[in-house]
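A.B. asks: predicted coordinates and the sequence they were generated for:
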Amino acid sequence: MKIHKKITIVANLKNAATVRAITREFFSSAGFDRKWTGRLVLISEELFINAVEYGCRPNDKINIEFSQSQDDEICFTITDAGANGITPAELRNKIEYHGSTHSPKKTSGRGLAVITHAWADDYHIKQARNGGLAISFTKKLPSPLVSSKN
Amino acid sequence: MTSILQTNFETKNINDLQYALISLEGQIDEDNLREFDEFVDPITKSNHNYLVFSLENLEFINSKVIGYLAAMHIRLTENKKQMIFMKTNPEIFDILELVGLTQIIPVFDTETKMVEAIKNEEI
């Protein structure tokens, strides 16, 4: 593992701007260009909002972990406090439902189902040891050739 | 750290066409979405038939804001009004395109092209 960082932050939507600043620095330092850094910051934001709104009570803590492997795959994980008791399978079903019913005129359900699904290489949902949900996404740093095409 | 959004509203008149020009600068998220709503809602209820959002200096929006914009578009359309995006920067266009908002809300690079399209009843 080249890089591994972990931070803990209070579950409050007012901290979203702080999370954005931290994630922007991480993805940019990892080597992503401006376009992909922006995309990955947005995915991270969607995971953070999801954790605050559906996985935490006021003043609960959220764990955020970043890692970058030797072969330049980054992994970003957010672990909530498990406040709503939703299981990984239930969340996957919700995401699939929103993904299959997406339309431009819908007013919700895009964060995980559309944005994360489109721009992350892969994402995983599992039960964390604290009883919360740990949602991760991975993204391989594009080679210069691939980067120029995208 | 808080999300800072600067807003500006002016009524524009070009070639007998009147529209509301709403310029956004900074970031919009849950932290300031209510503040944005309080700014823009009266404009949606004004007598302007065209609401043009200049997004050149908008740095960030998330899915909640996209949902809000989609709801505003639906509300305006029901009232026979038109929402338009102008001068979107590449990052914001990237998001709007991914979620399909560019399919339902017209996007123009320049004010001149937008005015021409309205005059020619292309939108």
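C.D. replies: Perfect, I can see it now.

A.B. asks: just give me the neighbour total for residue 72.
C.D. replies: As the question left the chain open, I've gone with chain A. A count of nearby residues for A:D72, using other Cβ atoms under 10 Å in any protein chain shown, gives 14. Where C-beta positions appear, they are placed from N, C-alpha and C, glycine not excepted.

A.B. asks: that's the wrong chain, I wanted chain B
C.D. replies: B:M72, neighbours per other Cβ under 10 Å, totals 20.

A.B. asks: settle this for me: it is touching B:I84, isn't it.
C.D. replies: No: using Cβ atoms under 8 Å as the test, B:M72 is too far from B:I84 to be in contact (11.9 Å).

A.B. asks: distance check, A:E90 against chain B.
C.D. replies: 20 Å (Cβ to the nearest Cβ, to the nearest Å).

A.B. asks: burial of that residue, as a residue count?
C.D. replies: 13.

A.B. asks: kindly report the same for A:Q127.
C.D. replies: 14.

A.B. asks: ditto for the one 5 residues further on
C.D. replies: By the criterion of other Cβ under 10 Å, A:G132 has 24 neighbours.

A.B. asks: what's it in contact with, if anything?
C.D. replies: A:G55, A:T79, A:D80, A:A81, A:G82, A:A83 (Cβ atoms under 8 Å, 6 or more residues apart in numbering or on different chains).

A.B. asks: please redo it, this time with the cut-off set to 7 Å
C.D. replies: A:G55, A:T79, A:D80, A:A81, A:G82 (Cβ atoms under 7 Å, 6 or more residues apart in numbering or on different chains).

A.B. asks: output the residues you listed in a markdown table; the columns should cover distance to chain B and neighbour count.
C.D. replies: Listed next are those as a markdown table, based on distance: Cβ to the nearest Cβ, whole Å; neighbours: other Cβ atoms under 10 Å in any protein chain shown:
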| residue | distance to chain B | neighbour count |
| --- | --- | --- |
| A:G55 | 15 | 26 |
| A:T79 | 20 | 26 |
| A:D80 | 16 | 28 |
| A:A81 | 18 | 21 |
| A:G82 | 21 | 17 |
